[in-house]
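**Student:** Give me the fold of what follows.
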Amino acid sequence: MADLFDNGDVTPQPDPRSEVNRPLADRLRPKTLAEVIGQAQVLGEEAPLGVMLASGSLSSLIFWGPPGVGKTTIARLLACETDLHFVQISAIFTGVPDLKKVFEAAKIRRQNGQGTLLFVDEIHRFNKAQQDGFLPYMEDGTILLVGATTENPSFELNAAVLSRAQVLVLERLSLADLERLTQRAEQELDRALPLTPDARDAVQGMADGDGRALLNLIEQIAAWKVETPLGREALATRLMRRAAKYDKSGDEHYNLISALHKSVRGSDPDAALYWFARMLEGGEDPRYLARRLTRMAVEDIALADPQAQGICIQAWETYERLGSPEGELALAQAVIYLALAPKTNAGYMAYKAARRLAKQTGSAPPPKHILNAPTKLMKSQGYGEGYDYDHNAADGFSGQNYFPDDVPRPELYQPVERGFERELKRRTEYFANLRAKRNS
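**Tutor:** Coordinates of the predicted model:
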């Protein structure tokens, strides 16, 4: 029996033949939240959405996550679960006049007793003024906003919007999730994919945690006419590997350089090489990596291995002479060297402490005994008076004070017992003892 719209129109029955032609991703779209694969951290009984639905109180939401993890699907199903009218717009194609029409329609719906769940894809692409336009309609209950973004909401969304919405992080689908999705696709297709187990794993790896990408690959493979299952090599000749998710100006850029830096600091050459390679595969400029490696040598290795900085500069120069792809090998070797070098941040901490002290005591003049006195007037003012020439002192060390007279002597540089800095620690202690003796 035909269903009826509110205006009395008859909904046409779907043509069974058209169902076959629908994209696989559309045919497998979950019809309930229970059918959604993955995202248990937001959909579970004790997870944020599970608790909201159980209590019958759904707030505005921002879904933050990579493509193909179910942001649109979950939003649509939330509208069904809460009996809200679902409206979907994209910030890429929607202007201010379009938004006004959406809000006016939502007002009319509300007057008729029907709420509206407004799903805004790529919400971070709206400018500040456009984002501010949502606020009054969120506050008076005209809309329940569900925004989706692949960018960090902390940087891309207005604080006013964030204060009125809960940010939920959606994660890349795991390999187990992708296998469940593959099995569901095979049930829909009513046949197994013509792949060996190894090739099956390769396809899921190509999807890179993106469920939609996986279903597109499966649909492509299912159309092949092959007599025997294809192995990994045969699969590679038929499919192009999907480009890794990497935005040289976005979150992935900062996440991966952070992972590389911390792997070097953690003395793990394998992990450091992996993240280095991930950035190169994503199209990162090797010169940026060379600069950051040099920074790591200065910040985390420093005087525990004075050669580390030189190794990085040499690798950088080698890359400039060789270019790509040969020059990246020199940078990779610098990555290994830095990861295995002894670590210290004593110089870094001493530098920051010196900057803080300089800000606090920035007007204090140097003690007069270490000032030059090129004129008679300056000599008469005591410039240079009482200065001990260190080379004339015992052990070549006078032990005089070089800080401002009213600044207590701090201990800024505190070397550690690692690498060459162990020797520097011995030297600082030697001079500290001599200074104490001379001053006593």
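**Student:** What residues of the helix of greatest length in the chain count as buried?
**Tutor:** Criterion DSSP state H: the longest helix present in the chain is helix 421-439. By neighbour count on 16 or more other CB atoms under 10 Å, the buried set for helix 421-439 is 421, 424, 425, 428, 434, 435. C-beta here means a position set from N, CA and C on the backbone, and glycine is covered the same way.
**Student:** want to throw those residues into CSV with distance to residue 150 and pLDDT?
**Tutor:** Putting the buried residues of helix 421-439 into CSV (distance: CB to CB, whole Å; pLDDT from 0 to 100) gives the following:
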residue, distance to residue 150, pLDDT
421, 43, 93
424, 47, 94
425, 48, 93
428, 50, 93
434, 61, 90
435, 58, 90
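**Student:** ok, of those residues, which one's closest to residue 402?
**Tutor:** residue 435 (10.6 Å; CB to CB).
**Student:** Go ahead and confirm the closest one touches residue 399.
**Tutor:** Yes: with contact defined as CB atoms under 8 Å, residue 435 and residue 399 form a contacting pair (4.3 Å).
**Student:** how about the strands in the protein?
**Tutor:** Assigned by DSSP state E, the chain shows strands spanning 61-64, 85-90, 116-121, 144-149, 166-169.
**Student:** would you turn those strands into a markdown table with distance to residue 354?
**Tutor:** Formatted as a markdown table, the strands of the chain follow (distance: least, CB to CB, whole Å):
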| stretch | distance to residue 354 |
| --- | --- |
| strand 61-64 | 40 |
| strand 85-90 | 52 |
| strand 116-121 | 49 |
| strand 144-149 | 41 |
| strand 166-169 | 39 |
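**Student:** Mind putting these into a markdown table with mean pLDDT, distance to residue 318 and mean neighbour count?
**Tutor:** Converted to a markdown table, these look like this (pLDDT from 0 to 100; distance: least, CB to CB, whole Å; neighbours: other CB atoms under 10 Å):
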| stretch | mean pLDDT | distance to residue 318 | mean neighbour count |
| --- | --- | --- | --- |
| strand 61-64 | 95 | 40 | 24 |
| strand 85-90 | 95 | 46 | 15 |
| strand 116-121 | 95 | 45 | 24 |
| strand 144-149 | 95 | 40 | 24 |
| strand 166-169 | 94 | 41 | 16 |
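**Student:** With respect to residue 21, which of the ones you listed lies nearest?
**Tutor:** Evaluated over the strands of the chain, closeness to residue 21 peaks at strand 85-90, with 22.7 Å, by CB to CB.
**Student:** just checking, residue 416 touches residue 348?
**Tutor:** No: assessed by CB under 8 Å, residue 416 is found out of contact with residue 348, at 11.7 Å.
**Student:** Those two: who's more crowded?
**Tutor:** A count of neighbours by other CB atoms under 10 Å puts residue 416 above the other of residue 416 and residue 348, at 16 against 13.
**Student:** Put the alpha carbons of stretch 34-48 into CSV.
**Tutor:** Only the C-alpha atoms of stretch 34-48 are listed here, as CSV (Å, rounded to 0.1, in the frame of the first residue of the first chain):
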residue,chain,number,x,y,z
ALA,A,34,22.5,0.3,16.3
GLU,A,35,23.6,-0.6,12.8
VAL,A,36,26.3,2.1,12.7
ILE,A,37,29.8,0.4,12.6
GLY,A,38,32.3,1.9,15.0
GLN,A,39,32.1,5.1,17.1
ALA,A,40,31.3,3.2,20.3
GLN,A,41,33.0,6.1,22.2
VAL,A,42,30.0,8.3,21.3
LEU,A,43,27.2,5.9,20.6
GLY,A,44,27.6,3.4,23.5
GLU,A,45,25.1,3.2,26.4
GLU,A,46,27.4,5.2,28.7
ALA,A,47,28.8,7.3,25.9
PRO,A,48,27.6,10.9,25.3
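**Student:** and it, how far out from the chain's middle?
**Tutor:** Centre-to-centre, stretch 34-48 and its host chain are 23 Å apart (CA atoms, centre = their mean, to the nearest Å).
**Student:** Pull out the buried residues from it.
**Tutor:** Under 16+ other CB under 10 Å, the buried positions of stretch 34-48 are 36, 37, 38, 39, 42, 43, 48.
**Student:** Kindly report the same for stretch 182-189.
**Tutor:** Under the neighbour-count criterion of 16+ other CB under 10 Å, stretch 182-189 has 182, 184, 185, 189 buried.
**Student:** Could you export the residues you listed to JSON lines, including columns for distance to residue 379 and pLDDT?
**Tutor:** Putting those into JSON lines (distance: CB to CB, whole Å; pLDDT from 0 to 100) gives the following:
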{"residue": "182", "distance to residue 379": "88", "pLDDT": "95"}
{"residue": "184", "distance to residue 379": "91", "pLDDT": "95"}
{"residue": "185", "distance to residue 379": "91", "pLDDT": "95"}
{"residue": "189", "distance to residue 379": "96", "pLDDT": "92"}
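**Student:** now, which of those residues lie within helices?
**Tutor:** Using DSSP H, these in helices are 182, 184, 185, 189.
**Student:** how about the second one, what does it touch?
**Tutor:** Pointing back at residue 184 there. Residues near residue 184 by CB atoms under 8 Å, 6 or more residues apart in numbering: 28, 37.
**Student:** Just the pLDDT for residue 16.
**Tutor:** With respect to pLDDT, residue 16 has a value of 50.
**Student:** what does stretch 112-120 rub up against?
**Tutor:** With CB under 8 Å, 6+ apart as the test, stretch 112-120 has contacts from 72, 75-76, 78-79, 82-91, 94, 102, 105-106, 109-110, 126, 141-148.
**Student:** returning to that earlier point: out of the strands of the chain, which comes closest to residue 224?
**Tutor:** Of the strands of the chain, nearest to residue 224 by CB to CB is strand 116-121, at 32.3 Å.
**Student:** quick one: that closest one to strand 144-149, angle?
**Tutor:** Angle between the axes of strand 116-121 and strand 144-149 is 10 degrees (criterion: axes from the mean of the first three to the mean of the last three CA atoms, to 10 degrees).
**Student:** ok now strand 116-121, how far from the chain's centre?
**Tutor:** Distance, stretch centre to chain centre, for strand 116-121: 26 Å (CA atoms, centre = their mean).
**Student:** re earlier: tell me the one among the buried residues of stretch 182-189 nearest to residue 408.
**Tutor:** Relative to residue 408, the closest of the buried residues of stretch 182-189 is residue 182; by CB to CB it sits at 68.8 Å.
**Student:** how close does the closest one get to residue 39?
**Tutor:** To residue 39, residue 182 is 18 Å away according to CB to CB, to the nearest Å.
**Student:** Okay, domains of the protein per the record?
**Tutor:** Domain assignment for the chain by automatic domain parsing gives 31-169, 175-238, 251-340, 365-439.
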